[in-house]
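could you work out the structure for the sequence below:
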Amino acid sequence: MRHSARYYIDYPSPLGMLLLAARDAQALCGLYFEEHKYFKGKEGWRHDPDHPVLQEAASQLDEYFAGKRTGFDLPLEMSGTPFQQAVWRELTTIPFGRTGSYAHHASRIGKPDAVRAVGTAIGRNPISIIIPCHRVIGTSGRLAGYAGGIERKRYLLALEGGDLSGDLLLSAGVRPALGNDVPGGSIEAGLTGGIRRT
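Numbers count the residues shown, from 1 in each chain. Below you'll find the model as predicted:
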């Protein structure tokens, strides 16, 4: 398998600096938080602030954080096992402003007894926010792990309109008190360009 070059930019967000990564000029392959649990670093990558995919990802993230976007339309390339690919693809079906449990997610991919493995695959999602792993919560409704940290997960769910009373997600469509007028709702997140397995 040929390994293509990786390019990156740093993106200042309300959650701290994010690193956006792309392979060649084709597709976004990473979105990592500072202190991201599974990020191995950018050694050997090239900084390219003019990269078209990275510029478009930054523009769409600007709209998302401003409450003007509920889904992303970017070409994506995610390296992973067939099982991870299935888990990540299913994440894209969780609508904006809604959540699902790890158990529900395992059932949706046809592996109801693989809840722990599904959780591990979700934690390894290389394109946080855009592949919305933050929308997966514990069966009890409590917030559970997030590679970017639980506070960032809480922020993203509030941005999307989830009620975080006592860390229980009781309903969708409640506007958060974040200083922004962020619309709630249940508009399906749209990802075109698909996920390419490498």
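
pull out the buried positions in stretch 114-130.
114-115, 118-119, 121-122, 124-130 (16 or more other Cβ atoms under 10 Å). From N, CA and C alone the C-beta is placed, and that goes for glycine too.

actually stretch 11-27, sorry about that
Per 16+ other Cβ under 10 Å, stretch 11-27 contains these buried residues: Y11, S13, L15, L18, L19, L20, A21, A22, R23, A27.

export the residues you listed as JSON lines, with columns for secondary structure and distance to H104.
Formatted as JSON lines, the buried residues of stretch 11-27 follow (DSSP: H, G, I helix; E, B strand; the rest coil; distance: Cβ to Cβ, whole Å):
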{"residue": "Y11", "secondary structure": "strand", "distance to H104": "31"}
{"residue": "S13", "secondary structure": "strand", "distance to H104": "28"}
{"residue": "L15", "secondary structure": "coil", "distance to H104": "26"}
{"residue": "L18", "secondary structure": "strand", "distance to H104": "28"}
{"residue": "L19", "secondary structure": "strand", "distance to H104": "30"}
{"residue": "L20", "secondary structure": "strand", "distance to H104": "29"}
{"residue": "A21", "secondary structure": "strand", "distance to H104": "30"}
{"residue": "A22", "secondary structure": "strand", "distance to H104": "32"}
{"residue": "R23", "secondary structure": "strand", "distance to H104": "32"}
{"residue": "A27", "secondary structure": "strand", "distance to H104": "28"}
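
now for those: which two are most distant?
L15 and R23 (24.0 Å; Cβ to Cβ).
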